[in-house]
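Peer 1: next input, structure requested:
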Amino acid sequence: MIGGMEIGPVRVMTTHYRGHTPEEIAQLALDKIIYIGQNSHPMVIAQAEAFKDQIRSILVKYLTMAQQEERTTICAKLTQNGFEEIAKLINTL
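Peer 2: This next block holds a predicted model:
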């Protein structure tokens, strides 16, 4: 116990020479947002898993959109400052 709160399981996700994908980030978020107790009734587990899948697809969509918007902003700033070639490279990611 720390400060009156119980610390649950910790999940670590690493990558090799890249950042996390929207799918990976969505899964990390879902693990914090939606908990499904293993002692729950099978119907409740099935409903919760279906709901989790719906939320996952929404999170992935908007995380991907945020990623693209950030690239667009970075490319615009680079272009404004005379770094068109770097902006083109970033835009191909």
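Peer 1: just say helix, strand or coil for the residue of the chain most remote from its centre.
Peer 2: Distance to the chain centre peaks in the chain at G82, reaching 32.1 Å (criterion: C-alpha atoms, centre = their mean). With DSSP: H, G, I helix; E, B strand; the rest coil as the basis, G82 sits in coil.
Peer 1: report the central residue of the chain.
Peer 2: I25 (2.2 Å).
Peer 1: which helix or strand contains that residue?
Peer 2: helix 22-33 (DSSP states H and E).
Peer 1: what of V60?
Peer 2: helix 42-80.
Peer 1: tell me what that helix is packed against?
Peer 2: helix 22-33, helix 84-91 (3 or more C-beta pairs under 8 Å, 6 or more residues apart in numbering; DSSP states H and E). From N, CA and C alone the C-beta is placed, and that goes for glycine too.
Peer 1: neighbouring contacts of the longest one?
Peer 2: It stands for helix 22-33. 11, 13, 15, 20, 52, 55-56, 59-60, 63-64, 67 (C-beta atoms under 8 Å, 6 or more residues apart in numbering).
Peer 1: swap the cut-off to 7 Å and go again
Peer 2: 11, 13, 52, 55-56, 59-60, 63-64, 67 (C-beta atoms under 7 Å, 6 or more residues apart in numbering).
Peer 1: cool, stretch 53-65 as well?
Peer 2: 22-23, 25-26, 29-30, 34.
Peer 1: how does it look with 8 Å?
Peer 2: Residues contacting stretch 53-65 (C-beta under 8 Å, 6+ apart): 22-23, 25-27, 29-30, 33-34.
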